[in-house]
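**Q** what would the 3D arrangement of this be:
(4 chains)
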Number of protein chains: 2
Amino acid sequence: MQVQTNYDLTTILAGFRSLSDPIRLSVVELLQAQELCVCDLCEKLDISQSKLSFHLKILKEAGLIRPRQAGRWIYYSLNLPQFVVLEQYLSEYRRFSPVLPARVCKD
Amino acid sequence: MQVQTNYDLTTILAGFRSLSDPIRLSVVELLQAQELCVCDLCEKLDISQSKLSFHLKILKEAGLIRPRQAGRWIYYSLNLPQFVVLEQYLSEYRRFSPVLPARVCKD
DNA sequence: AAATTATTTCAATTCAAGTTGATGCAAGTT
DNA sequence: AACTTGCATCAACTTGAATTGAAATAATTT
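**A** Numbers count the residues shown, from 1 in each chain, chains lettered A, B, ... in the order given. Prediction:
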C-alpha cells in the first residue's frame, strides 16, 4: 500500500509477467549484449519465427524492448529505463522494510 | 547468457511469475508494511481463503514470503533476501549494458 | 473427546497463455 | 510488375494457471 502510489501497477505487473517466461528471459539476456534482429534471435534461440514474434510482442508491450526498423530488418534492443523501473520497484521493499512487531491476531 | 551464470534462472523465473499477478502483488505490498496472518490478508483483500492460500503457496515456493506458525495462526512475512536477488538480477542489465546514445524519435 | 477455528489441499471447472502452421504485409530485389 | 525476404498476425489447438466449493488437517478450546 505504502510502497508506490507513484508507479503504474499495471506496468509493473506486465513487466514481471514478461520476465516470467524462459524464452522471454533468454531474449532479454541476448539483447543485453547487443541489439539483434528477429532472424538473429530466431536462430540463436532455435525457435520458430512466429513463436518468437509472439514473445517479442509481449516484451515490447511491457516496454522492456523496442524495435528499430532498418530496411526490412527489425532490430530489437533493451529499453533500460523500464528495467530500472522494475528494479526500483523491488528496491522499495528493501528500503522501507519494517522492523515492526507482528500484529497479534485476536478476536 | 552473459548476465548471470551465478543465479539460478529457475528461481528468477519463479520470482517474476509470482509477482506478475495482481493478487500476489497486493499480498507482498501488504506484507511490506507488516507481518500478517492469513485471515488478515483474507479480510484486507476480500477474497476467499482457498484462493488466497493458492497464491500464498506460489509466493512461498518462489521464496518471496515465509510462514511462521503461532498457535493456529500462520503469519506470513516477506523474505527480503529473495527480493534482493531479483533486484540484483535486474540491476545487471543496467550495469553491463553497452552505453547506447539516446535515440531521438524523428516522426 | 468433541467442537471450534485457521489454514491447506483436492477435484472440477473456467479462463488465460503458449504453440503451430498458414496467411498477410511491407521493404528490397530482379 | 513479379518475386523474395523478414517479420507480424490470425485462427485452431494445446497447455498451464486461476477460481470455486467441499473436504482434510492441525492446533485450541470446552
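
**Q** low-confidence ranges, chain A, go.
**A** Scanning chain A for pLDDT under 70 picks out the ranges A:1-6, A:96-107.

**Q** in the top helix by length along it, what's buried?
**A** Longest helix in chain A by number of residues (criterion: DSSP state H): helix A:80-95. Buried residues in helix A:80-95, defined by neighbour count with 16 or more other Cβ atoms under 10 Å in any protein chain shown: A:82, A:83, A:85, A:86, A:87, A:88, A:89, A:90, A:91, A:92, A:93. All C-beta spots, glycine's among them, are computed from the backbone N, C-alpha and C.

**Q** for the last one, which non-adjacent residue is closest in space?
**A** So that's residue A:93. Computed as Cβ to Cβ, 6 or more residues apart in numbering or on different chains, the closest residue to residue A:93 that is not its neighbour in sequence is residue B:83, at 4.7 Å.

**Q** rewinding a little: send over the longest helix of chain A as PDB, restricted to the C-alpha atoms.
**A** Provided in PDB are the C-alpha atoms of helix A:80-95 (Å, rounded to 0.1, in the frame of the first residue of the first chain):
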ATOM      1  CA  LEU A  80      16.700   0.100 -20.000                       C
ATOM      2  CA  PRO A  81      14.600   2.700 -18.300                       C
ATOM      3  CA  GLN A  82      11.900   0.100 -17.900                       C
ATOM      4  CA  PHE A  83      14.300  -2.300 -16.300                       C
ATOM      5  CA  VAL A  84      15.200   0.400 -13.900                       C
ATOM      6  CA  VAL A  85      11.500   1.000 -13.100                       C
ATOM      7  CA  LEU A  86      11.200  -2.700 -12.100                       C
ATOM      8  CA  GLU A  87      14.400  -2.700 -10.300                       C
ATOM      9  CA  GLN A  88      13.400   0.400  -8.300                       C
ATOM     10  CA  TYR A  89      10.000  -1.100  -7.500                       C
ATOM     11  CA  LEU A  90      11.800  -4.100  -6.000                       C
ATOM     12  CA  SER A  91      14.200  -1.900  -4.100                       C
ATOM     13  CA  GLU A  92      11.400  -0.200  -2.300                       C
ATOM     14  CA  TYR A  93      10.700  -3.400  -0.400                       C
ATOM     15  CA  ARG A  94      14.100  -3.400   0.900                       C
ATOM     16  CA  ARG A  95      14.300   0.300   1.700                       C
END
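
**Q** and it, what does it pack against?
**A** helix A:9-18, helix B:22-33, helix B:80-95 (3 or more Cβ pairs under 8 Å, 6 or more residues apart in numbering or on different chains; DSSP states H and E).

**Q** mind redoing it with 6 Å?
**A** helix B:80-95 (3 or more Cβ pairs under 6 Å, 6 or more residues apart in numbering or on different chains; DSSP states H and E).

**Q** give me the angle between the helix it packs on and helix B:22-33.
**A** 110 degrees (axes from the mean of the first three to the mean of the last three Cα atoms, to 10 degrees).

**Q** burial of the nearest residue to residue A:66 once chain neighbours are set aside, as a residue count?
**A** Distances taken as Cβ to Cβ, 6+ apart put residue A:79 closest to residue A:66, at 4.9 Å, once the chain neighbours are dropped. For residue A:79, the neighbour count with other Cβ atoms under 10 Å in any protein chain shown is 17.
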